[in-house]
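Enquirer: Mind looking at a prediction? Sequence and model below.
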Amino acid sequence: MINVQITIEEELLADIEEASKPQSPDLTAIVREALHAWLKRREGQRFEQEWIAALQKHPDEAQRAEDWLEAQTWSAP
């Protein structure tokens, strides 16, 4: 791992320290978890944008998928 220096507002730091009291994670763990969550959200957003672009480029393919869903036979459990 490498060390990274960041600057945050004092009020934000105070809020983080207050919120982390019950669990007592250190600030590094909190920032690391937040960055992992941010990356995961961005990955999901990028996938959604690519999916929407593909559907806009080939809108008829979405209808074909719906046709297949309607054609499927579902049995009761």
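Expert: Arrived safely.

Enquirer: can I assume Ser20 is in contact with Ile30?
Expert: Yes. Using C-beta atoms under 8 Å, Ser20 is in contact with Ile30, at 6.2 Å. All C-beta spots, glycine's among them, are computed from the backbone N, C-alpha and C.

Enquirer: So Val4 versus Leu35, what's the distance?
Expert: 10 Å (C-beta to C-beta, to the nearest Å).

Enquirer: And the two? Which one has more around it.
Expert: Using other C-beta atoms under 10 Å as the criterion, Val4 and Leu35 rank with Leu35 on top: 11 against 8.

Enquirer: Please report the distance of the more buried one from Thr28.
Expert: Applying C-beta to C-beta to Leu35 and Thr28 gives a distance of 11 Å.

Enquirer: those helices in this protein, which residues are they?
Expert: Here the chain has its helices, by DSSP state H, at 10-20, 27-57, 59-71.

Enquirer: can you give me the angle the second one makes with helix 59-71?
Expert: An angle of 100 degrees separates the directions of helix 27-57 and helix 59-71 when computed by axes from the mean of the first three to the mean of the last three C-alpha atoms, to 10 degrees.
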